[in-house]
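Undergrad: Below is the structure, and that's it, no one-letter string:
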């Protein structure tokens with residue numbers, strides 16, 4: 001038998017090539033046998049204790065080392081038969097950067113424990129990226145882009161919509177905000193078209209009350225001195241002297257107490273004044289409102305039972321500036337239950353009725 005290294009060398013191995021081995025399992029000790037390369041490979045992969053590759057797996061499943069560190073088994077990662085995609089059937093834990101060049105579909109939850117940065121559009125349930133200024137909001141079962149509210153204001157004014165998504169200051173304020181019972185203040189005209197109940201104070205700069213079944217042209221604040229009265233079905237502005245209850249005219253008086261040497265300027269809108277007296281004899285001056293600023297107004301003055309008799313307790317009605325009352329600078333009354341009615345022509349006051357006891 002030739003020495004092995006004298007045989008011609010074959011550089012390309014085939015699975016059917018034969019190897020010469022000594023068979024230790026036969027009765028004839030050290031019997032010479034032949035073995036194919038394929039048979040030897042199968043033995044090494046499946047049985048040899050020092051084999052670098054051992055174990056078994058499932059088609060298209062990416063293998064992983066089993067606990068002994070020498071045997072391969074199935075992982076939770078599979079690849080399509082044509083190599084079109086990879087599927088992970090368990091939890092995926094990425095401890096470094098995770099970059100996806102294509103689209104990503106998540107059929108479960110997504111938890112981000114760090115900073116999230118989006119360099120492209122983010123779509124809602126409708127597949128839309130939203131418009132500028134919108135925010136992503138929960139619908140309870142999904143998300144959608146909605147408009148945000150913007151704007152600014154000054155405390156303590158209540159906001160109102162400047163457009164469909166911008167807030168600004170309304171003319172309504174809540175003052176003073178640090179008190180137990182702040183008051184509602186409205187710094188503009190108020191139009192009330194329905195029933196209103198006020199349980200506390202309310203301050204308005206000007207009120208335009210629009211009764212039911214009226215046209216906008218009737219929404220006026222009235223003229224100086226008028227009062228708001230019910231017509232039974234609506235309300236209207238009327239002069240205080242025209243206020244009636246049934247068929248009886250009712251005048252609400254302004255009450256004052258005259259004192260010797262005292263005076264006051266009459267600015268009330270009441271068209272009747274009840275005058276009492278306190279103290280010794282003397283003159284009490286009531287300065288009349290300007291006839292020019294209250295044209296065609298009628299004011300009545302009466303003294304009550306507290307007014308002394310004798311004619312020494314005088315109330316002097318003095319016209320404003322260069323205006324006159326019955327052509328004079330003033331007019332006096334001085335008796336108990338005495339009455340005086342005056343009317344403004346727009347330039348002067350005229351006594352239209354005087355009564356004395």
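TA: Received the coordinates, thanks. The model shown is predicted, which means the values in this text are computed figures rather than measured ones. Numbering: from 1, shown residues only.
Undergrad: How about stretch 115-131, which residues are buried there?
TA: Within stretch 115-131, the residues that count as buried by 16 or more other C-beta atoms under 10 Å are 124, 130. To be clear about C-beta, it is placed using only N, CA and C from the backbone, and glycine gets the same treatment.
Undergrad: Show me the contact partners of that stretch.
TA: Residues outside stretch 115-131 that contact it (C-beta atoms under 8 Å, 6 or more residues apart in numbering): 136, 139, 142, 143, 144, 145.
Undergrad: Apply 7 Å and report the result again.
TA: Here stretch 115-131 makes contact (C-beta atoms under 7 Å, 6 or more residues apart in numbering) with 136, 142, 143, 144, 145.
Undergrad: which two from the residues you listed end up farthest apart in space?
TA: Farthest pair in the contacts of stretch 115-131 (C-beta to C-beta) is 142 and 145. Separation: 11.4 Å.
Undergrad: which one of these two has more residues nearby?
TA: residue 145 (19 against 10; other C-beta atoms under 10 Å).
Undergrad: And that one, how far from residue 330?
TA: Distance of residue 145 to residue 330, computed by C-beta to C-beta, to the nearest Å: 78 Å.
Undergrad: can you check residue 302 too?
TA: Distance of residue 302 to residue 330, given as C-beta to C-beta: 18 Å.
Undergrad: list the contacts for residue 325?
TA: Shown in contact with residue 325 (C-beta under 7 Å, 6+ apart): 288, 317, 319, 331, 342, 349, 351.
Undergrad: which stretches of the stretch 151-300 of the chain form strands?
TA: Residue ranges of the strands in the stretch 151-300 of the chain, as given by DSSP state E, counting those that start in this stretch, are 157-161, 166-175, 183-192, 202-209, 227-230, 235-238, 244-245, 248-249, 254-258, 263-265, 272-277, 282-287, 298-303.
Undergrad: can I get those in JSON lines with mean pLDDT and distance to residue 336?
TA: Output for the strands of the stretch 151-300 of the chain, formatted as JSON lines (pLDDT from 0 to 100; distance: least, C-beta to C-beta, whole Å):
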{"stretch": "strand 157-161", "mean pLDDT": "86", "distance to residue 336": "55"}
{"stretch": "strand 166-175", "mean pLDDT": "84", "distance to residue 336": "48"}
{"stretch": "strand 183-192", "mean pLDDT": "74", "distance to residue 336": "44"}
{"stretch": "strand 202-209", "mean pLDDT": "55", "distance to residue 336": "41"}
{"stretch": "strand 227-230", "mean pLDDT": "70", "distance to residue 336": "30"}
{"stretch": "strand 235-238", "mean pLDDT": "70", "distance to residue 336": "32"}
{"stretch": "strand 244-245", "mean pLDDT": "56", "distance to residue 336": "28"}
{"stretch": "strand 248-249", "mean pLDDT": "65", "distance to residue 336": "24"}
{"stretch": "strand 254-258", "mean pLDDT": "95", "distance to residue 336": "12"}
{"stretch": "strand 263-265", "mean pLDDT": "97", "distance to residue 336": "21"}
{"stretch": "strand 272-277", "mean pLDDT": "95", "distance to residue 336": "9"}
{"stretch": "strand 282-287", "mean pLDDT": "97", "distance to residue 336": "15"}
{"stretch": "strand 298-303", "mean pLDDT": "95", "distance to residue 336": "6"}
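Undergrad: Deepest in the core, which of those is it.
TA: Across those, averaging neighbours per residue (mean count of other C-beta atoms under 10 Å) puts strand 298-303 on top, at a mean of 20.
Undergrad: How far off centre is that one?
TA: Put simply, strand 298-303 sits 54 Å off its chain's centre (C-alpha atoms, centre = their mean, to the nearest Å).
Undergrad: Stretch 264-278 now?
TA: Worked out by C-alpha atoms, centre = their mean, stretch 264-278 lies 49 Å from the chain centre.
Undergrad: same thing with stretch 60-79?
TA: Stretch 60-79 has its C-alpha centroid displaced from the chain centroid by 58 Å (C-alpha atoms, centre = their mean).
Undergrad: Could I get the buried residue list for that stretch?
TA: 61, 63, 75, 77, 78.
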